[in-house]
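>>> Following is a predicted model, sequence given first.
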4 protein chains.
Amino acid sequence: MSPTSPVDPTHLVLTLSCPDRPGIVAAVAGLLAQHGGNITESQQFGDPLSGLFFMRVQVTTDAGADALREDLQALAVRFEMTWRLDVVGRPLRTLVMVSTAAHCLNDLAFRQRSENLPVDLVAVVSNHDVLRPMADFYDIPFHHVPVTAATKAAAEARLLELVEELDVELVVLARYMQILSDELCRRLEGRVINIHHSFLPSFKGARPYAQAHDRGVKLIGATAHYVTGDLDEGPIIEQDVERVDHAHAVEDLVALGQDVERRALARAVRWHAEHRVLMDGRRTIVFR
Amino acid sequence: MSPTSPVDPTHLVLTLSCPDRPGIVAAVAGLLAQHGGNITESQQFGDPLSGLFFMRVQVTTDAGADALREDLQALAVRFEMTWRLDVVGRPLRTLVMVSTAAHCLNDLAFRQRSENLPVDLVAVVSNHDVLRPMADFYDIPFHHVPVTAATKAAAEARLLELVEELDVELVVLARYMQILSDELCRRLEGRVINIHHSFLPSFKGARPYAQAHDRGVKLIGATAHYVTGDLDEGPIIEQDVERVDHAHAVEDLVALGQDVERRALARAVRWHAEHRVLMDGRRTIVFR
Amino acid sequence: MSPTSPVDPTHLVLTLSCPDRPGIVAAVAGLLAQHGGNITESQQFGDPLSGLFFMRVQVTTDAGADALREDLQALAVRFEMTWRLDVVGRPLRTLVMVSTAAHCLNDLAFRQRSENLPVDLVAVVSNHDVLRPMADFYDIPFHHVPVTAATKAAAEARLLELVEELDVELVVLARYMQILSDELCRRLEGRVINIHHSFLPSFKGARPYAQAHDRGVKLIGATAHYVTGDLDEGPIIEQDVERVDHAHAVEDLVALGQDVERRALARAVRWHAEHRVLMDGRRTIVFR
Amino acid sequence: MSPTSPVDPTHLVLTLSCPDRPGIVAAVAGLLAQHGGNITESQQFGDPLSGLFFMRVQVTTDAGADALREDLQALAVRFEMTWRLDVVGRPLRTLVMVSTAAHCLNDLAFRQRSENLPVDLVAVVSNHDVLRPMADFYDIPFHHVPVTAATKAAAEARLLELVEELDVELVVLARYMQILSDELCRRLEGRVINIHHSFLPSFKGARPYAQAHDRGVKLIGATAHYVTGDLDEGPIIEQDVERVDHAHAVEDLVALGQDVERRALARAVRWHAEHRVLMDGRRTIVFR
């Protein structure tokens, strides 16, 4: 699960998807074997609905990633594959966006530091200045980028600049209370994870805990998902719930909800960073 | 939790609600003490939103229920109370409505027999004849009441007849696939529990598991609730979830869902039968 | 997860384990590809501690199982493999042993009938006659085999006779309150699943719920495991827990415990019957 | 659940226990009514085994705590009560002991700051200097008190000094890797909460995660409990578990275990600080 540190450059993780047909695993495994690869963990799944095949394989090989890459490219053409090769446990360059709520940022930063969450937190971007001390404590550069109706376009341009300058691979919306523009969502598609403070598709939109309280629910939940143009409808990566009862006021639901939110988000970020999440239309394949 | 059997007629359970104001507990506890009552378990809750006070108390008293009742009536007038007094563990006369799915009926009947679920299953009513053998096995009279558009009114009249003839206190819709008329819902309000095969308010309406699969959710749930005119919107008693993943086909979700459904329904029926559920507008107070 | 019924004879499941080394997956997948096989689901795991490699693969092939078997045998020699090939969803011939507690038998029989649990319940064997009506209801032949100190050897001989006569592949101890002899355990090793009414390794031995109550635990659990000579120490397949509190008497713990027991047992039996459980010393690999 | 801040001095919480007999609730509620008290939340429980009665009641009264105290004292004599009166939500003066693991300290400090966990963290005491920066970040005075066999008595004396100087009401052993002496345990009995990194009573003693991995368990857990002389045997306040599988190495279990540990500990500390935990011999009553 959690990568051992420091990272071993001969331990590789390959993920791929392609139209399903006989011989894919044989071809991939054969290629890896030719390179002296030893498979340490692997999972495959064929989705009968989409007709797509998904594979994740961890392999140790002394031949090195570059030699592999060339042969994989040839295979990819033959099988119409989308694929990716990375070093197991290499920290993903990650930018975290927050507003004023600290629980998700604190949780991610703490897990990065103490639990080997394989991310490199290269920036915190916020439309408020509130969480600067926390970013300082964790030694993460903090960028205050205020957002108003008038400055929204400029703020998004600044974000994109940071993404490029810092070579950001993953953007985490850790209770960032601004809606990203459709264009930005499209440009970063598959690279932005949001934590929605509700058990989607219930209680979309504003104040879900107030809605949940009003409805008298007995469980509250949170949903971590990729961001697409349609804000609360992106592919779900992880969901979790917590039991509540009549004695919980709205502010209690919020406090309990923060626990569920940070748990679900941390799992989603870990699985994404470990290349365990593959996209299957509007659904995800999660090879845990 | 579960009542010890056989039932002890001097062990009583009192539930009440009334507008909140000082002195309620003192008055009730004082009255019980005058009758030599010893409180074995009790819970109170004042809802700051509705301004209502709720109380459930179990008490042993040699004076007997009838003597208590008279004094309670006087108290009820003074505090504008709604109240109910019953013997702890007295089985509630219960009618179960089913269509063709057996899991909830089997579960309730089995728990009644082997786990002291305090209900007396006096009838199974079904619009199909499929579950007759199961009812026979558990020695529960089975009534086949077919429903078509033309006979719906007659079928509901037959149901009401049975409710009266059999002195039914609780009706359980155990995956009964017909919608009750608004009028019937009103007449039986507070006495009908439904199990909804979804985590309400998500995926209301038909085929929730197909909807859930299509959306790629990572948890599926079920909701047990009282039936009101608005079918899927009655006060929630209990909810539960089960973890699922991309490898689960719709029929797997259905099978896993049946587990969650029967679990949530069994808890809701137990808590109702033990007089642990009080109504607070469209929410419930559950004194577990 | 659950197999679709009826069974499709061209959909096969192969499980294998062998000393870990490069080329295993390539060899297996290559062989399957030569037979026109299309992999629908697959998982691999290399245990760094034991040095063993484990694989489970589901494959559709028109070539048929017999042709595959021959080539697999050759591969097995080369890689020192233990392997097994079966048809996906073929019901495992299963014998259930019970004493007087009905919940596990009822649960397994109900799931077999309504949830496609892939077992064929060919016999219920009991040292009491109490559960005969339930076996009758589910149309499972019931064998009353009383056990006393004097007749224990004869009773075990009778059990072995039944196992052979009925071609039994799996024995489930569904709250069977007799201890099997070491010799019997050895003869049926890997084919007997027990449900232990405790969260092992806590509270081994007799009356675990009384022990748990006395200790004031806040969770109770159950453990499904393979039986070895050392009764409560066999490889664990599945565990689950339920939350409890101070208000639960021992009999409440027992009732709640029955729920956990049947849930954990049903999962373990399903995973075993779907060939998802592989043995790794005293641990299990569960490819869910 | 969580107290609203700032604290309202007329909102009181009374906890009590005494030998069970008729009239206790009537007497207490009567007394509160005489003081114009309005009960907002209350729970009672009579333990049939110990013969003790337990009560927790939240009440608003303009009369103030001092007037109540006098009358309660008289009542306490009459019923042989142990009792305590406090202001709802008043932060408990709390000292946290740590060694090098940061997750529990970080979690408690973060919840204190952002979730209204009703504690006032007056000191962090550690036998190492590692967590000083974290204490600094949260503005909690840090005391480095090294412990060797030779200095253990002096170190405990220093701890007691701090407890007295700082008027400490609660000591939390947040993964403090030193065993307290029996004498210290006795002196602070009922005021020290420990988080045990195991699902007690399983895997007592050292390296529980390695034990759990070796045994191949499918769930790992943690236990928050009061400290008594017998280290891992004090009254349990809360337990929780997390699902694991064969792919988790020991270090993964440790990481997942940290999540369970901090969750169970945070709940235990909250319930203690909210006066929801009462002692019943070696068990606890938790009025959640």
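That came through, no problem.
>>> Got phi/psi on the closest residue to A:Asn38 other than its chain neighbours?
Using C-beta to C-beta, 6 or more residues apart in numbering or on different chains and skipping residues adjacent in sequence, the residue nearest A:Asn38 is C:Pro22, 4.4 Å away. In this view, the C-beta of every residue, glycine as well, is placed from N, C-alpha and C. Torsion angles at C:Pro22 (phi, psi; degrees, to the nearest 10) stand at phi -60, psi 150.
>>> so what pLDDT did A:Phe110 get?
Listed pLDDT for A:Phe110 reads 95.
>>> Figure out the helix or strand that it lives in.
Assigned by DSSP states H and E, A:Phe110 belongs to helix A:103-114.
>>> returning to what we had before: verify the stated contact: the residue nearest to A:Asn38 with A:Gln34.
No: with contact defined as C-beta atoms under 8 Å, C:Pro22 does not count as touching A:Gln34 (9.9 Å).
>>> which SSE is A:Arg84 in?
strand A:82-87.
>>> and what of A:Ala224?
Here A:Ala224 is assigned to strand A:219-226, by DSSP H and E.
>>> Say whether chain C is contacted by that strand.
No: Strand A:219-226 lies out of reach of chain C by C-beta under 8 Å from any C-beta of the partner chain, never closer than 13.5 Å.
>>> I'd like to know which elements that strand is packed against.
strand A:192-196, strand A:236-243, helix A:250-273, strand B:236-243 (3 or more C-beta pairs under 8 Å, 6 or more residues apart in numbering or on different chains; DSSP states H and E).
>>> C:Asp8 is nearest to which of the ones you listed?
strand B:236-243 (26.8 Å; C-beta to C-beta).
>>> Name the residues of the closest one that are buried.
B:Ile236, B:Ile237, B:Glu238, B:Gln239, B:Asp240, B:Val241, B:Glu242 (16 or more other C-beta atoms under 10 Å in any protein chain shown).
>>> A:Glu115 contacts D:Arg262, correct?
No: in this structure, A:Glu115 is not within contact of D:Arg262 by C-beta under 8 Å, at 11.3 Å.
>>> Looking at the two, which is more packed in?
Under the neighbour definition other C-beta atoms under 10 Å in any protein chain shown, A:Glu115 and D:Arg262 were set side by side, and D:Arg262 has more, 25 against 19.
>>> neighbours around the closest residue to A:Arg282 other than its chain neighbours, how many?
Nearest non-adjacent residue to A:Arg282, counting by C-beta to C-beta, 6+ apart: A:Pro235, 5.5 Å away. Neighbour count for A:Pro235, taken as other C-beta under 10 Å: 19.
>>> my guess is A:Pro146 meets A:Ala154, correct?
No: using C-beta under 8 Å, A:Pro146 is not in contact with A:Ala154, being 9.8 Å away.
>>> Going by neighbour count, which residues in the lowest-mean-pLDDT helix or strand in chain A are buried?
In chain A, the helix or strand scored least confidently by mean pLDDT, DSSP states H and E is helix A:208-215, which has a mean of 79. Across helix A:208-215, burial judged by 16+ other C-beta under 10 Å covers A:Pro208, A:Tyr209, A:Gln211, A:Ala212, A:His213, A:Arg215.
>>> is chain D contacted by that helix?
No: figure legend: helix A:208-215 not in contact with chain D (C-beta under 8 Å from any C-beta); closest approach 12.3 Å.
>>> Quick one: list the elements packing against that helix.
Secondary-structure packing of helix A:208-215 (3+ C-beta pairs under 8 Å, 6+ apart): helix A:250-273.
>>> Parallel or antiparallel, which strands does the helix or strand that the helix it packs on is followed by pair with?
Counting by DSSP H and E, the element after helix A:250-273 in chain order, helix or strand, is strand A:277-280. Strands adjacent to strand A:277-280 in the sheet, as given by DSSP bridges, are strand A:283-286 (antiparallel).
>>> returning to that earlier point: partner strands of the strand holding A:Arg84 and their direction?
Strand A:82-87 has these strand partners (DSSP bridges): strand A:11-19 (antiparallel).
>>> Off-centre distance for the partner strand?
Offset of strand A:11-19 from its chain centre (C-alpha atoms, centre = their mean, to the nearest Å): 17 Å.
>>> Quick check: the gap between A:Ala154 and C:His35.
Counting by C-beta to C-beta, to the nearest Å, the gap from A:Ala154 to C:His35 is 61 Å.
>>> And A:Gly281, how close does it get to A:Ser17?
A:Gly281 is 11 Å from A:Ser17, by C-beta to C-beta.
>>> neighbour count winner among the two?
Comparing A:Gly281 with A:Ser17 by other C-beta under 10 Å, the one with more neighbours is A:Ser17, at 24 against 12.
>>> my read: the more buried one touches A:Glu80, true?
No: using C-beta under 8 Å, A:Ser17 is not in contact with A:Glu80; the gap is 9.6 Å.
>>> Which residue, neighbours along the chain excluded, lies closest to A:Leu265?
A:Leu265 sits nearest to A:Ile195 (C-beta to C-beta, 6+ apart), 4.1 Å away.
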